[in-house]
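# Provide a 3D model corresponding to the input given below.
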Amino acid sequence: MRSVQAAVGAALAALGLLAGATSNRDAVRPAVSRPGPPVALIGGVAIQQARCAQWNAGGVAERDAVVAALASSVGGASTDGGRGTTLTRTEAYTLFNRACASQIAKGFLLYELYIRAAGFRSFGAAQT
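As a prediction, the model looks like this:
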């Protein structure tokens, strides 16, 4: 019984040292800064959850921020394959104004509408 207690105590001490070493190692290592997706709110809702109801109630500044954030997220960073297709501000406004005009559409997600429309845009068309 005494040897079991000693073994458990030694294991717990080893875990404590290991946890301390890991925590110290992480504290010394600089944090890697990765840019996150653009944050835009419309009607107090983030673009990942924003729907036509928020678009319809949103002001021009909120709408502009949403369109810019979607273009940045969907277009992505330039890679060997190029950037993703995006919509111009006018195209995005036209899309959302038309799609969100129906009461039935109030639950449609803005980003879903945007990525589907951008996917049909000509890859060679001018990007914003």
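# got the residue ranges for the helices in this structure?
For the chain, the helices defined by DSSP state H cover 2-28, 52-57, 60-75, 89-99, 110-119.
# and those helices, which one's lowest on average pLDDT?
Per-stretch mean pLDDT for the helices of the chain is lowest at helix 2-28 (a mean of 47).
# isn't Leu95 right up against Thr86?
No - the criterion here is C-beta atoms under 8 Å, and Leu95 misses it with Thr86 at 11.7 Å. C-beta coordinates here come from the backbone N, C-alpha and C atoms, glycine included.
# distance of Ala104 from Gly59?
For residue 104 the amino acid is Ile, not Ala. According to C-beta to C-beta, to the nearest Å, Ile104 and Gly59 sit 24 Å apart.
# now do Ala68
Distance, Ala68 to Gly59, using C-beta to C-beta: 14 Å.
# Comparing those two, which shows the higher neighbour count?
Per other C-beta atoms under 10 Å, whichever of Ala68 and Gly59 has more neighbours is Ala68, with 15 against 10.
# From Cys100, how far out is that one?
Distance of Ala68 to Cys100, given as C-beta to C-beta: 18 Å.
# Please apply the same query to Val67.
13 Å.
# Ala105 versus Ala68, what's the distance?
22 Å.
# so what's Ala105 scoring on pLDDT?
91.
# For burial, what's the neighbour tally of Gly84?
If you count neighbours by other C-beta under 10 Å, Gly84 ends up with 19.
# Lovely, talk soon.
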